[in-house]
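Visitor: no sequence on this one, just coordinates:
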């Protein structure tokens, strides 16, 4: 008798009673005989039976598990699972296929920005039996990462990249059990430094946010893009009704909310300034809007620098003054005016934020 077997038997005797009859073994604390139909009959009203307990990572290290092997996977599923190997896969007593880590996502077409890249992905077919909590994109080279906390498909932004260096990306999903296999590598993209006037994001780069600007995030690049041409000439600010729309934002980043407020007040019909900007879909983007006062001033600076092909004329902003008037800019000299909303001479140029 080996030392291990001897110790096991002694522990059984110390904690209860073990009885045997031909072909059956019983372990209990009441002195009853084992059931003759069972090889092992464990009986107690105060104690349970404990299978081997391990994590998912430990379980998958079991080499060539035999069919019928039982373990408690402590971090599988939402709160742990009793799992049985059926000869092909691990199964759960409650959920069929045993819970584990998610499958590999599928990457879409990555796109580069200044010192960053956007990596779209599709969620894996299997979440591993537990809701996916996050996705992580990892670059090659450099192992720069970006994380998105959600269950379904989306796009991850990876920052901190080096302009002029080519990168590919993989995406992996994580659930309560752990992180699954990474996707195949994405296409290769090369981040580049941005310059005012270059083609970018469906239009022309008009401004890059600086420290202190509303919406500025250290380590990330955001800014304003102008449409490649005007969306209209001779357009009124209103749609025929004098109302207080609430479109009073003047700062960078407020034009989109202004545009939404104007359309909510004036109606989603017609060809007035805010409506034609919101309807614009240049570059395949649908988030264009009529710029606020200070966003329009950035377009004037862009024009002075020689970009955008702006007319030497008046351009509407989305900033309302009162029920009857709104703010516009004369792009020839940069003069500011507040004409009546029915003024039908100005041009309109849509912008979008990135």
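Guide: Thanks, I have the structure now. Computed from a predicted model, the values in this text were never measured in an experiment.
Visitor: Now do the same contact list for the residue positioned nearest the centre of the chain.
Guide: Nearest to the mean C-alpha position of the chain, by CA atoms, centre = their mean, lies residue 148 at 3.9 Å. Contacts for residue 148 (CB atoms under 8 Å, 6 or more residues apart in numbering) come out as 134, 135, 137, 154, 155, 156. Every residue, glycine included, has its C-beta placed from N, CA and C.
Visitor: pLDDT at it, what is it?
Guide: If you check residue 148, the pLDDT there is 98.
Visitor: can you offset everything so residue one is 13?
Guide: With the count now opening at 13, the last piece we talked about shows up as residue 160.
Visitor: who does it bridge with?
Guide: Listed by DSSP bridges, the beta-bridge partners for residue 160 are residue 147.
Visitor: separation between it and residue 118?
Guide: 15 Å (CB to CB, to the nearest Å).
Visitor: Now do the helices in this protein.
Guide: 15-27, 68-71, 267-278, 285-291, 305-316 (DSSP state H).
Visitor: which of these is buried the deepest?
Guide: Each of these was scored by mean neighbour count; the highest is helix 285-291, a mean of 24, by mean count of other CB atoms under 10 Å.
Visitor: Give me the residues contacting that one.
Guide: Contacts of helix 285-291 (CB under 8 Å, 6+ apart): 243-244, 247-249, 251, 259, 270-272, 274-275, 278, 280-281, 300-302, 328, 330, 358, 360, 362-363.
Visitor: Comparing the helices of the chain by mean pLDDT, which bottoms out?
Guide: Note on those: lowest mean pLDDT is at helix 15-27, with a mean of 45.
Visitor: if I look at residue 192, how far off is residue 72?
Guide: 12 Å.
Visitor: Quick check: neighbours shared by the two?
Guide: Among the neighbours of residue 192, those also in contact with residue 72 (CB under 8 Å, 6+ apart) are residue 112.
Visitor: And these two? Which one has more around it.
Guide: residue 192 (21 against 15; other CB atoms under 10 Å).
Visitor: That one and residue 184 touch, don't they?
Guide: Yes: with contact defined as CB atoms under 8 Å, residue 192 counts as touching residue 184 (6.0 Å).
Visitor: So for the two, which residues contact both of them?
Guide: In contact with both residue 192 and residue 184: residue 116, using CB under 8 Å, 6+ apart.
Visitor: returning to that earlier point: of the helices of the chain, give the one that comes closest to residue 96.
Guide: Residue 96 lies closest to helix 68-71 among the helices of the chain, at 11.6 Å (CB to CB).
Visitor: Just list what the closest one packs against, helices and strands only.
Guide: When contacts are defined as 3 or more CB pairs under 8 Å, 6 or more residues apart in numbering; DSSP states H and E, helix 68-71 packs onto strand 82-85.
Visitor: The strand it packs on pairs with which strands, and in what direction?
Guide: strand 65-66 (parallel), strand 93-97 (antiparallel).
Visitor: sorry, back to before: please check the contacts of residue 160 and keep the buried ones.
Guide: Among these, the ones that count as buried by 16 or more other CB atoms under 10 Å are 147, 149, 166, 168.
Visitor: Using TSV, lay out those together with pLDDT.
Guide: Shown next, in TSV, are those (pLDDT from 0 to 100):
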residue	pLDDT
147	98
149	98
166	97
168	98
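Visitor: Most widely separated two among the residues you listed?
Guide: Spanning the widest gap among the buried ones among the contacts of residue 160 are 149 and 166, at 10.3 Å by CB to CB.
Visitor: shared neighbours, those two?
Guide: 133, 160.
Visitor: Out of the strands paired with strand 82-85, which gets nearest to residue 142?
Guide: Of all the strands paired with strand 82-85, it is strand 93-97 that lies closest to residue 142, at 9.6 Å by CB to CB.
Visitor: So what touches the closest one?
Guide: By CB under 8 Å, 6+ apart, strand 93-97 touches 63, 71, 77-85, 88, 102-107, 110-111, 141.
Visitor: pLDDT of it, averaged?
Guide: Mean predicted confidence for strand 93-97 is 88.
Visitor: and it, how far out from the chain's middle?
Guide: 32 Å (CA atoms, centre = their mean, to the nearest Å).
Visitor: cool, and stretch 122-132?
Guide: Counting by CA atoms, centre = their mean, stretch 122-132 comes out at 14 Å from the chain centroid.
Visitor: gap between the two ends of that stretch?
Guide: 6 Å (CA to CA, to the nearest Å).
Visitor: Can you tell me what sits against it?
Guide: Counting by CB under 8 Å, 6+ apart, 119-121, 149, 151, 158, 165-175, 179-181, 183, 198-199, 201-206, 220, 232-233, 366 sit against stretch 122-132.
Visitor: Tell me which of those fall in strands.
Guide: In strands, judged by DSSP state E, the following of the contacts of stretch 122-132 are found: 119, 149, 151, 158, 166-171, 180-181, 183, 220.
Visitor: Give the buried subset of those residues as a ChimeraX selection command.
Guide: Here is the ChimeraX command that selects the buried residues among the ones in strands among the contacts of stretch 122-132 (16+ other CB under 10 Å):
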select :119,149,151,158,166,168,170,171,180,181,183,220
